[in-house]
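[1] Structure for this input, please:
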Amino acid sequence: MSTSELTSTLRHLQSTPPPSPDQISSLLSKAKRQLLQLNALLPTASTSPQVLHLARATLETGALLSIRLQNPDAFTRYFQQLLPFYELPPSSYSPEGEGQRSKVTGLYLLLLLTKGDYAEFHTVLEGLETEFGGGKGKGLEEDKFIGYPVKLERWLMEGSYDRVWKAVGREGVPSEEFGVFSEVLIGTIRAEIASCSEKAYPSLPIPNAKNLLFLESEGGVVQFAQSRGWIVKDGRIWFPFQHGEEAPSGKETLVTSGQVIENTIGYARELETIV
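    Numbering: from 1, shown residues only. As a prediction, this is how the structure comes out:
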């Protein structure tokens with residue numbers, strides 16, 4: 001089999017406007033069969049640079065389209081298939097370079113972040129730092145795509161949810177594919193803030209809770225409160241104490257809330273001044 005058939009399939013997958021979801025699934029299946037016929041699903045020492053480039057481009061396209069189809073499991077499978085190609089030196093693909101490795105890897109890191117798989121996140125990150133960080137004088141944060149989830153992870157760990165909130169907005173994401181995870185990350189932020197709020201305060205006024213949780217309406221606050229088992233009474237959200245715990249004193253409250261609540265309330269106040 002010649003590479004022309006796979007090239008034609010890849011061209012259809014990358015067409016503008018993109019094919020329908022059913023067409024994408026059919027074309028991706030066809031592309032994988034063609035890769036098998038070319039013996040190109042795994043790189044070998046005898047694989048030509050042209051076939052290596054074509055195979056990698058096909059798998060990367062499959063990965064990116066899986067994100068657009070909101071199929072993270074398929075995306076993960078494509079990423080795993082791409083790893084042997086990414087282990088090859090760029091000269092193997094000469095003169096095509098590294099393709100979309102940075103974008104696909106950044107998306108995989110972001111997927112791990114939305115799943116809360118911090119162990120795998122740091123494992124992948126350490127591998128990248130070993131490969132690219134040493135001796136080049138440039139941090140991974142300087143990469144447009146990889147730097148995005150790296151910064152988000154650091155801000156989440158710091159409790160700087162206002163910065164995460166701004167970054168997941170339409171203007172903050174480095175490409176359209178990254179925007180798919182926005183709602184998931186916002187859910188992560190709300191859950192983290194909710195957990196901190198439960199420990200930091202006995203109650204909060206509903207308007208304050210709305211800003212704190214980045215919700216659009218007070219009705220949304222009530223629905224969210226009910227999903228967490230909170231009590232809504234007299235215009236306030238009341239946080240039930242954890243079983244076996246005593247009510248925190250004022251000093252303990254301040255210590256528990258820490259920078260997380262300070263950062264978030266500060267951003268809520270900024271929102272109020274803007275509105």
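[2] Number of residues surrounding Gly169?
    If you count neighbours by other C-beta atoms under 10 Å, Gly169 ends up with 11. C-beta coordinates here come from the backbone N, C-alpha and C atoms, glycine included.
[3] wait, what's in contact with it?
    By C-beta atoms under 8 Å, 6 or more residues apart in numbering, the residues touching Gly169 are Ser182.
[4] Look up how far Phe145 lies from it.
    Distance of Gly169 to Phe145, given as C-beta to C-beta, to the nearest Å: 17 Å.
[5] go on, Ile206?
    39 Å.
[6] Give me the buried positions along stretch 38-57.
    Neighbour-count burial for stretch 38-57 flags 38, 40, 43, 47, 51-57 (criterion: 16 or more other C-beta atoms under 10 Å).
[7] Repeat that for stretch 153-166.
    For stretch 153-166, the neighbour count (16+ other C-beta under 10 Å) marks 153, 155-156, 159-165 as buried.
[8] ok, how many other residues are close to Ile237?
    Neighbour tally, Ile237, other C-beta under 10 Å: 27.
[9] Actually, Leu13.
    For Leu13, the tally of surrounding residues (other C-beta under 10 Å) stands at 21.
[10] In this model Ile24 seems to touch it, though I could be wrong.
    Yes: counting by C-beta atoms under 8 Å, Leu13 touches Ile24, with 6.9 Å between them.
[11] Find residues that contact each of those two.
    Leu65.
[12] From the buried residues of stretch 153-166, pick the one nearest Ala194.
    Nearest to Ala194 out of the buried residues of stretch 153-166 is Tyr161 (C-beta to C-beta; 11.1 Å).
[13] how far away is that closest one from Asp117?
    Using C-beta to C-beta, we find Tyr161 at a distance of 20 Å from Asp117.
[14] What are the boundaries of the helices in the stretch 1-150 of the chain?
    3-13, 21-37, 49-68, 72-86, 101-115, 118-128, 147-158 (DSSP state H, counting those that start in this stretch).
[15] Any chance of CSV for the ones you listed, columns distance to Gln226?
    Output for the helices of the stretch 1-150 of the chain, formatted as CSV (distance: least, C-beta to C-beta, whole Å):
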stretch, distance to Gln226
helix 3-13, 44
helix 21-37, 34
helix 49-68, 32
helix 72-86, 28
helix 101-115, 24
helix 118-128, 29
helix 147-158, 26
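[16] okay if I get the ones you listed as TSV plus mean pLDDT and distance to Tyr93?
    As requested, the helices of the stretch 1-150 of the chain are arranged in TSV below (pLDDT from 0 to 100; distance: least, C-beta to C-beta, whole Å):
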stretch	mean pLDDT	distance to Tyr93
helix 3-13	94	14
helix 21-37	93	16
helix 49-68	93	5
helix 72-86	95	9
helix 101-115	93	10
helix 118-128	93	19
helix 147-158	91	23
